[in-house]
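>>> For reference, the sequence and a predicted model appear below.
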Amino acid sequence: MSVTTSTVPGAAPPRRSLGRSRPRYGEAAIKVVLVAAATLSVATTIAIVISLIPPTVRFFDKVDVGDFLGGTRWAALFKPPAYGVLPLVSGTLLVTAIAVAIAVPIGLATAVYLSEYAHPRVRRTIKPVLEVLAGIPTVVFGFFALYAITPLLQDWLPWAVEPRNALAPGLVMAVLLIPTVASLSEDAMAAVPMELRDGGYALGSSRMLVALRVVVPAAFSGIVAAVILAISRAIGETMIVYIGLGAKPTFTANPLVEGETMAAYIAQAGSGDLPVSSFDYTTIFAVGTLLFAITFAMNAISIRLVRKYREVYE
Amino acid sequence: MTADAHAAAARAAVQRSLAGQRRPLREYVFHLALLVSVALALAFLVALLSYVVVHGWDRLDANLFLNQPTALLRRIDEAGVQSAIFGTLWVISLTALFCIPTGVLAAIYLEEYGRREMWFNRLIELNIQNLAAVPSIVYGILALGLIARPPLNLGFTVITAALTLSLLVLPILIISSREAIRAVPNSIRDGSLALGATQWQTIRRQVLPVAVPGIATGTILALSRAIGEAAPLLLLGAVQFVTFNPSGPDSSYTVLPIQIFNLATRPQEGFRTLGWAAIIVLLAILLLMNSVAIAVRNRYQKRW
C-alpha cells in the first residue's frame, strides 16, 4: 500500500513507450485467416449467383421471359416442351398456404403461452421438445405424409384424394413450421419490456388483454418477421413436397390432386443426371433462380423487421 | 383503535369485492386455446415417433446394418442399408472437418475483431443471416454448377457432398458460435489484455476455453441438421443405386436420408417397412446427438 512506485520521488520516470514494442506478424497473420473464414460466407452467396446466371441466361435465350412467368403449362422434359412456370408456382403456393394457415395460429399461440403463461420450468421442458421437432429430417416428414397422412385422408374422402396430393404435405409441413414461428415470435415477445406489461396490469387489464393488446402489438414486427421466414422456408422446402405432392406439374387450386413445386422440379430434373450441354439442364437453373430470388427477398425483409424491433427495445 | 377497525373493515370490503370479481369466461377459453395449441404440436411429435417405431420395429434387425440395399422385391426382407449408414458416417466426418474450423474462425472474427461500423462486417453479418434461410436445394444447385462439375470438377463423390453440406450448415454454426463467444464477459478479456496478453493470446487462452461448451452445442446441432439433409444431395449423385460402402473421399456414396427417399419411391410393402426401419436408425442418431448437445449445454454452461 505504501509502495506505489519504485522510482525515487522527484527523479524522471523511465521512458517507456506505450506504443507497440515490435510488430506482431503472428497476430496479423491470424487476423488474415479469420477474415478469410468470415469472407467465405459472402463468397458462398456470390458462388450461388455465379452458378445460377450462365445457365439461366442460356435458358432465356430460347424461352421468352413473359412465356416463362405467365405460361400455365410446364412440361420441360417432354416433347413438345412447355416452359410456363405457373403450375410449379401454384403447387408451391398451395402447399405453402395450407402449411402457413395452420402453423401461424398454432405457432403464435405456442409463443404467447411460452412467453406469457408458462412457468419457467414448463418453458424449459417444452422448448427442447420443440427443438427436437424442428430437427426431424424433412425426408421423414415426407415419408410420413405419403404413408401415414394420405391414407388417412383417403379413408375420409376416398373418391377425391389422389395418392399424391397437396393437403398431406401441407399438414405435415405445418408441423415443421410451428417451431420456427414459435421460437422467433417468442424471442420478439421476450424482448418487450416488462414495464409495458406492468402498465397494462396497472390499468386493470387481465392476462389475456395484456398478451393480446400489449405484448403482441409491441412484438408485431418480430412476429411478422417470423411469419415471413416461415413462408420462405415453406416455399423452399423440397423433400416433403417431392415425396408427398409428386412430380406432375398441375395448374390448380385443388389440394387433393397430384402436383409439383419449384423445389421439387429442381430435385426431379437434377437427380436425373442430365448432360451439362443439354437445354433441359438449364431449366434446373432457371427455376432455381426464381426460387432463390423469391426466398432471398423474403429473408431480407424478415431480417430487416427483426432489426427494427431490436433497435426499439434493446 | 378506531383507525385499526376502519382499516380492517376496509380490507374486508376490498377482499369481498375482489372475491366477487370472477375472471371472465373468455380468459379461461383463451388459456385453454393456448394449451391446446402447444399440446397439438407435442402430440404430433409423439404420434410421429410412435407411428415410426410401430411400423419399423420388426425390420430393426441385424440385416438392416449388415446387408446392402436391393432393388429386388424378393430380396427386400433381408436387405439392409449398410452402404447408407457408412456413407452418412463418411460424409458427416468430412463435413465436420471442413465446417467446424471455418465456422469457429469466422465467428471469432465477427465477435472479436470485426467492428460493426465497417460496412464490410455488416455485410458479412447480413449475408450470414440470409444464407441461413436459403433453401437447401439451392446449395445443391451451387454444388452441381461449380463443385461437382468444372471448375472444381470433384464429381459425384463423398467430398462434393461434404463440401456442400459444410456450406449449408456454416451459417448456423457461425451464428451459434458467435452467441457462445458473446456470452463470455468482457471483464475476462480486459483482465487478460491488462496483463499484457495480445489479442490472439486473450482469445486463445481465455475466451475460447470458456466458450467451448456453447460452441460444441451449436456444432452438434448444425451437424445433426447436415445428417438429415437430403435435398441438395439428390442433385449430387447420392440417388444412384449404391450397394457398396464408400472407399474414400473420392468414392461414390449414398446416405441414410437419400436411401429413405429411394424407399419412398417404391410402392411395395417390403420397401416401405424397410423405410420405417431406416427412419428409426436416422432418428435414433439425431435424438442421441440432440441429447448430447442439451446435456453439454446444461452441464457446462456458465451463468455470469
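All right, it came through fine.
>>> all contacts plus neighbour counts: C-alpha atoms, from now on.
Will do.
>>> helix, strand or coil for residue 196?
Because you didn't say which chain, this covers chain A. helix (DSSP: H, G, I helix; E, B strand; the rest coil).
>>> measure it to residue A:214 for me?
Separation of residue A:196 from residue A:214 (Cα to Cα, to the nearest Å) stands at 7 Å.
>>> pretty sure residue B:81 contacts residue B:259?
Yes. Counting by Cα atoms under 8 Å, residue B:81 does reach residue B:259; the two are 7.4 Å apart.
>>> out of the two, which sits in the more crowded spot?
The residue with more neighbours, out of residue B:81 and residue B:259, is residue B:81; 30 against 26, by other Cα atoms under 10 Å in any protein chain shown.
>>> Enumerate every residue touching that one.
Applying Cα atoms under 8 Å, 6 or more residues apart in numbering or on different chains to residue B:81 gives the contacts B:64-69, B:256, B:259, B:278.
>>> Quick one, grab the pLDDT at it.
The per-residue pLDDT reported for residue B:81 equals 91.
>>> what about it, distance to residue B:243?
Distance, residue B:81 to residue B:243, using Cα to Cα: 9 Å.
>>> what residues do these two have in common as contacts?
B:68-69.
>>> Quick check: chain neighbours aside, which residue is closest to residue B:45?
residue A:133 (6.4 Å; Cα to Cα, 6 or more residues apart in numbering or on different chains).
>>> what does residue B:217 give?
Closest to residue B:217 by Cα to Cα, 6+ apart is residue B:293, at 4.6 Å.
>>> swap in residue A:255?
residue A:166 (4.7 Å).
>>> thinking that neighbour is in contact with residue A:250, fair?
No. Contact criterion Cα under 8 Å: residue A:166 and residue A:250 do not qualify, at 11.0 Å.
>>> Pick out whichever of the two has more residues nearby.
residue A:166 (31 against 21).
>>> Give me the helices and strands touching the helix or strand hosting residue B:45, please.
Using DSSP states H and E, residue B:45 maps to helix B:25-56. Helices and strands touching helix B:25-56, by 3 or more Cα pairs under 8 Å, 6 or more residues apart in numbering or on different chains; DSSP states H and E, are helix A:86-112, helix A:120-135, helix A:167-190, helix A:207-209, helix B:269-300.
>>> Return the set of buried residues in it.
Within helix B:25-56, the residues that qualify as buried are B:31, B:33-38, B:41-42, B:45, B:48, B:52-53, B:55-56, counting by 16 or more other Cα atoms under 10 Å in any protein chain shown.
>>> how about the residue most central in space within chain A, what does it touch?
Nearest to the geometric centre of chain A sits residue A:233, at 3.6 Å (Cα atoms, centre = their mean). By Cα under 8 Å, 6+ apart, the contact set of residue A:233 is A:177, A:295, B:133, B:135.
>>> Need the max-distance pair from those residues.
Spanning the widest gap among these are A:177 and A:295, at 15.4 Å by Cα to Cα.
>>> So which of those two has more stuff around it?
Neighbour comparison, residue A:177 and residue A:295: the larger count goes to residue A:177, with 26 against 23 (by other Cα under 10 Å).
>>> show me what contacts residue B:78?
By Cα under 8 Å, 6+ apart, the contact list for residue B:78 reads B:63-64, B:67.
>>> switch the cut-off to 6 Å
Taking Cα atoms under 6 Å, 6 or more residues apart in numbering or on different chains, we find residue B:78 in contact with residue B:63.
>>> Now for whichever residue of the stretch 51-200 of chain B sits closest to chain A, how many residues are close by?
Relative to chain A, the nearest point of the stretch 51-200 of chain B is residue B:106 (4.1 Å; Cα to the nearest Cα). Counted with other Cα under 10 Å, the burial measure for residue B:106 works out to 30 neighbours.
>>> which stretches of the chain have low pLDDT?
No chain was given, so I picked chain A. Low-confidence segments of chain A (pLDDT under 70): A:1-21, A:314.
>>> meant chain B, my bad for not saying
Looking at chain B by pLDDT under 70, you get B:1-2, B:14, B:16-22, B:302-304.
>>> Name the residues of it found near chain A, please.
Residues of chain B lying close to chain A (Cα under 6 Å from any Cα of the partner chain) are B:34, B:37-38, B:102, B:105-106, B:109, B:130, B:135, B:142, B:145, B:228, B:234-235.
>>> out of those residues, which one sits closest to residue B:182?
Comparing the residues of chain B next to chain A against residue B:182 with Cα to Cα places residue B:109 closest, at 11.8 Å.
>>> Please name the residues that touch that closest one.
Neighbour list for residue B:109: residue A:34 [criterion: Cα under 6 Å, 6+ apart].
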